[in-house]
Structure formats: C-alpha cells, structure tokens
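Visitor: Sequence first, then the predicted structure:
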Amino acid sequence: MASKSIFGIFLSISLLLACDKNDPPEVTTSAAVEQSSAETSAEASASPGPALKESAGARRHLPSQQDAQDSDEQATATGQWYRAVFQVSNFGELPFFINLPPPPDAGWAIIANGDHRIAGRHTWHGRDGVIEFPVLRTRILLHRNKEGMLHGHFNSHAPTQDARKAAPFRAVPLADGQLDANGQPSEASRFAPPTSSDAGERGSEFQPAGVWEAEFTGMGKSLIHLSVQKPNLVTAVVEFTNGTAKTLYGNHFGDFMKLSSFDASIPLLIHVWSPGDTDQLQGVFTEGIDRSRRDTFVAKRHQRPRLASDWKRFRPNRDVINLAQMGLSPYRGKPLIIEFAGSWCRPCSDVVPVLKEIRQKHPEVEVVTMLFELLDDRESTEKQAEIFIEEHGISWELIPVVGDIEPHWEPLQRDFVDASPNLPVTFFVNANGTVRDIHMGFPDRQAGHIYERERKEYIKTAAALARTR
C-alpha cells in the first residue's frame, strides 16, 4: 500500500508540474494508472511455468518478462526520440535520451547511452505515461503536453535510494539535425555548449584522451579512462577500487568536459576541466536520484593499467569457506561459484551473461545466486526473485534472502573480505571448499576493455575451478 500511495502522489505532482492552464490532463486519473499497473503486475505473477530448484520453495517463470531481456539486447526504437534533462541544483543539467512509442500505443520505452539501450515497459493513459523497470524497482511517470514536450519524475524503490524522493525531468523532441544517419540520437547533442565563462581558451591544444588516476575527496582513488571519438565527443569509464566501473558520455568544449549517464537506475554526471596543467584534471562527480552524493576530485595521468585492491584478506586455495553456515551444504565436493546479488543492482545484471557463458563452457562448475532484496517480507522478496530469473533467463539455483545482508556478510568479512559488500560479490570455490578468488563489483557492459578484462578473468578462474573436480 505504501508504494501505491507514493506512486499516486508522484504522478499527481508530475501532472501539476507538466500541465499549463490551457493543457489540463486528459481523462486518466492517478488511481486509474495505478490500477492498470497493478493489473499488469498481477497478470505477470499469475503466469504459469515450470519450477526452478530453490531452497525457499518453488517459483514460477514469468513469460511476459522474458521479452524485457530481448528488448535490452535488441531494442528497436519505433517512436519519438527525446532529449530529457534532470536538473541538478547549482550544477546544471544531467541529460539523457529516451524514445517513447507514439500514443496511444503501449510498448517499449528505450533509454540510450551511447550504443547501449535499456528498455522499459511503457503505457499511455491519455496524455500521461508510465514506464516500468520491474527488475531495478524503478519507474518514470510523465505527461505529454499539446506541444509534444514531456514533464515527469523518476522514482526508485531500490534499497540504495530514498523512495520518498523523486528526480523531476523535462524533455523535448529531437530535431532531425540531432539524429544520426540511422535515426538514432547523436551524442553531439547530449550537452548544450557551455557559456564562455565555463569553456577554456586553449581549445584543441588540450588532449584529454588517456588514463587518469583520480583522488576523490570522499570516495578515494579511481581510474578515469577518457577517449575522444570526434572533436567534441568524449566517453569516460570511471573505475573504482571496489570493482565498479561506470561509463558516461558527453561533449568536450575546449578544456571543459561534461558527461552523463542514466541507466534507469542511477543518474550520473561529471564535470571535468583542466586547471592549465596538461597533466592534471579537476572535476565534480554527482550521482543518485536526489543528486546528494557529490564528490570533487583531482586527477593526474596514469600509466598503470589498473588500480590495486587491498580488501582481500584470504589465502588463495588454502582458506576454506563454510558452506554449511551459508546453507549451501549440497554443494560440498563440487566446484562452485557463489554470487551475492540484488535485482536492483545494475552491475548484478551486467555479470549474468558472463555466468551464463561459464555454465556453457564449464557445466561441471555449479553456480548459485543469493539474492538480497533487503526486504523484510518473504512474499515481496520471492516475487522480485521471480522477476530477476525471468528477465535474465537464469537456469541455476537462485535463493531469495529475506532481510538484511549483514548477518550473511559478517562471517565472510571476518575471514575473507576486509570491506563492506559492493554487489555483486563473486566467490570462486574449489571442489575441496577452499576459496580460489573473490571478485567484488562488476563493470557495465559499455566499459569496453575493462568489461572484457573482467569477463576473461571470470572465465579463466572458472576453468581452474573445473579442474579441481
């Protein structure tokens, strides 16, 4: 009931913001939209299908959710592209591109980050629209006025976000000149040119491409991999010591760069500039639904390919993990990959194709996912597990865990990992129960060679596990 009332409040607010005096919302009310959304969820939950092995009881496949997996990988934009903007207080715009099916058609809404596409279920209710991302536990509520412009809010019920807060946005249709030859949004139009006070004077003399080691005020060290595709197009992959790597896209104006990313989970924004030293950068990094997580950094050119991690505290192939304590006794004597994950965790989705590849190449290696939704009731936890399974076509055992992750993490933190959990966390366990390796976090699929490096390390380690059988 709480989420339903919040949904109605946010939709009402978005309608008030979106409508001018001459453009009132059409027949649909927030209650009607809520009812439609609830009916869609109920139909999905009632879909029959074969059960998967699961310690907490049988679950059903949700065939309607399988389409979402295909849409992310093969999304085709059939409607109107928009340039949407979150407004970041005292920091400017956080833009992203989104495609909506023409009203009144229901279908896929598609968010574009570079060449990557994220699809969500979209329905029109008059001039009002709802975009659902069930796996991530996020949604977008919007209104389309008579001029074709959008206003709305993005809301997240992921445990890392505050569901009471929403990120307002506005959007305008992209003109033909803002689309490429294939009718896709041109990254050259992501950011508007900065004012003269923001842009540097050195222009093309400044060459930002390369790897930069950044020292954040609060988040510690990271590597920023900058690449320039065209004179004003730049991509940044920000790689943190906790294993996370995020890709942002933007524009390069002299010695000033603006980059953003929105994956239907967390909005990200970076402003980067050169203080005059060609071997140094300064910047501000902002993330989160309310943009409250903000950190400044100073970066210098970096020659090493990656940052060192100091959180591992186990002796590889010597220290034994207690499978019985984790409720995984049936896996004793078998090479095993244990994945701590959450459906709301975008990197936890990014790692699934790699686990599938391992299962294909090394079927003798068992995989089990412990899914932490950080919810207190079993029904909601298991429902979210069903959605995650069907979204990704998971064929191995997945255990939905009710409640907090800490009781399950504390024994591991004491013996193996000197850090708080940054999902996903992957334990590679030899057949004799010793831990061969542990990986924390995972890069997004747009991270290029960083993603490929991690994928190859996973497969190489899995191959070593297979030989211990």
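Guide: Alright, I've got the coordinates. Residues are numbered from 1 along each chain as shown.
Visitor: phi, psi of A192?
Guide: Main-chain torsions, A192, degrees, to the nearest 10: phi -70, psi 150.
Visitor: Now do the same contact list for it.
Guide: Residues near A192 by CB atoms under 8 Å, 6 or more residues apart in numbering: E93. (C-beta placed from N, C-alpha, C; glycine too.)
Visitor: try A214
Guide: Contacts of A214 (CB under 8 Å, 6+ apart): K221, S222, L223, I224, V238, L281, G283, F297, V298, A299.
Visitor: my hunch is that it is in a strand, does that hold up?
Guide: Yes: A214 forms part of a strand when assessed by DSSP: H, G, I helix; E, B strand; the rest coil.
Visitor: hang on, the earlier thing: list buried residues within the contacts of A214.
Guide: By neighbour count, with 16 or more other CB atoms under 10 Å, the contacts of A214 hold K221, S222, L223, I224, V238, L281, G283, F297, A299 as buried.
Visitor: Give me the subset of these lying in strands.
Guide: The strands, defined by DSSP state E, take in K221, S222, L223, I224, V238, L281, G283, F297, A299 from the buried ones among the contacts of A214.
Visitor: tell me which of those residues is nearest to D415?
Guide: Within those, the smallest distance to D415 is 25.8 Å, found for K221 (CB to CB).
Visitor: wait, isn't that closest one in contact with E239?
Guide: No: look at K221 against E239 with CB atoms under 8 Å: they stay out of range, at 9.8 Å.
Visitor: what residues are shared contacts of those two?
Guide: Counting by CB under 8 Å, 6+ apart, the shared contacts of K221 and E239 are L307.
Visitor: got a list of contacts for stretch 85-94?
Guide: 95-96, 154, 167-171, 191-192, 258, 260, 262, 267-269, 271, 284, 286, 291, 294.
Visitor: With stretch 107-119 instead?
Guide: Taking CB under 8 Å, 6+ apart as the rule, stretch 107-119 contacts 68, 71-72, 75, 77-79, 81, 96-101, 120-122, 129, 131, 133, 140, 184-185, 187, 235, 247, 249, 261-264, 444-446.
Visitor: got it, and stretch 301-309?
Guide: Stretch 301-309 is contacted from outside by 210-213, 221-223, 239, 241, 243, 279, 440, 453, using CB under 8 Å, 6+ apart.
Visitor: go on, stretch 169-178?
Guide: So stretch 169-178 is contacted by 80-87, 97-98, 142, 148-154, 185-186, 189 (CB under 8 Å, 6+ apart).
Visitor: for the stretch 151-300 of the chain, what spans make up the strands?
Guide: Taking DSSP state E, counting those that start in this stretch as the criterion, the stretch 151-300 of the chain carries its strands at 166-173, 210-216, 220-230, 233-240, 245-253, 256-262, 267-273, 280-287, 293-301.
Visitor: Just put those in CSV and tack on mean pLDDT and distance to L179.
Guide: Formatted as CSV, the strands of the stretch 151-300 of the chain follow (pLDDT from 0 to 100; distance: least, CB to CB, whole Å):
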stretch, mean pLDDT, distance to L179
strand 166-173, 94, 10
strand 210-216, 92, 31
strand 220-230, 89, 16
strand 233-240, 94, 15
strand 245-253, 94, 16
strand 256-262, 94, 19
strand 267-273, 94, 23
strand 280-287, 92, 28
strand 293-301, 90, 32
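Visitor: I'd like to know which of those strands is closest to V417.
Guide: Nearest to V417, of the strands of the stretch 151-300 of the chain and by CB to CB, is strand 233-240 at 15.8 Å.
Visitor: So which elements touch the closest one?
Guide: Applying 3 or more CB pairs under 8 Å, 6 or more residues apart in numbering; DSSP states H and E, we find strand 233-240 packed against strand 220-230, strand 245-253, strand 256-262, strand 267-273.
Visitor: Reformat the ones you listed into CSV and put distance to L465 next to each item.
Guide: Formatted as CSV, the helices and strands packed on strand 233-240 follow (distance: least, CB to CB, whole Å):
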stretch, distance to L465
strand 220-230, 28
strand 245-253, 24
strand 256-262, 34
strand 267-273, 34
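Visitor: Quick one: closest of these to N430.
Guide: Among the helices and strands packed on strand 233-240, the nearest to N430 by CB to CB is strand 245-253 (27.5 Å).
Visitor: So which of the buried ones among the contacts of A214 is the closest to L371?
Guide: Set against L371, the nearest of the buried ones among the contacts of A214 by CB to CB is V238 (26.5 Å).
Visitor: how far away is R467 from P316?
Guide: Using CB to CB, to the nearest Å, R467 is found at 15 Å from P316.
Visitor: ok, now V88?
Guide: 43 Å.
Visitor: The two: which is more packed in?
Guide: V88 (19 against 13; other CB atoms under 10 Å).
Visitor: Residues in contact with stretch 331-338: which ones?
Guide: So stretch 331-338 is in contact with 321, 323-324, 326, 328, 355, 358, 364-368, 370, 426-433, 462, 465-466, 468-469, going by CB under 8 Å, 6+ apart.
Visitor: about what we covered before: turn the buried ones among the contacts of stretch 85-94 into a named ChimeraX selection, would you?
Guide: ChimeraX command restricting these to the buried ones, with burial defined by 16+ other CB under 10 Å:
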select :95,96,154,167,168,169,170,171,191,258,260,262,267,268,269,271,284,286,291,294
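Visitor: G250 is in contact with L268, isn't it?
Guide: No: here G250 does not reach L268: they are 10.6 Å apart, not a contact under CB under 8 Å.
Visitor: what's the overlap in contacts for the two?
Guide: With CB under 8 Å, 6+ apart, G250 and L268 have common neighbours S260.
Visitor: TSV for the strands of the stretch 151-300 of the chain, including distance to L374?
Guide: Listed next are the strands of the stretch 151-300 of the chain as TSV, based on distance: least, CB to CB, whole Å:
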stretch	distance to L374
strand 166-173	20
strand 210-216	26
strand 220-230	24
strand 233-240	21
strand 245-253	22
strand 256-262	23
strand 267-273	21
strand 280-287	19
strand 293-301	18
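Visitor: Of those, which is nearest D105?
Guide: strand 166-173 (16.4 Å).
Visitor: Could you tell me which strands the closest one is paired with, and in which direction each runs?
Guide: The sheet places strand 166-173 alongside strand 80-88 (antiparallel), strand 150-156 (antiparallel), with pairing taken from DSSP bridges.
Visitor: Can you dump the C-alpha atoms of it in CSV for me?
Guide: C-alpha atoms of strand 166-173 as CSV (Å, rounded to 0.1, in the frame of the first residue of the first chain):
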residue,chain,number,x,y,z
ALA,A,166,11.9,11.8,-7.0
ALA,A,167,14.0,13.3,-9.7
PRO,A,168,12.0,15.7,-11.9
PHE,A,169,12.8,16.0,-15.6
ARG,A,170,11.7,17.7,-18.7
ALA,A,171,12.1,16.6,-22.3
VAL,A,172,11.8,17.9,-25.8
PRO,A,173,11.6,16.0,-29.1
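Visitor: In contact with the most centrally placed residue in the chain, which residues?
Guide: The C-alpha lying nearest the average C-alpha coordinate of the chain belongs to R346 (CA atoms, centre = their mean; 3.3 Å). Applying CB under 8 Å, 6+ apart to R346 gives the contacts L136, D263, S265, I266, D444.
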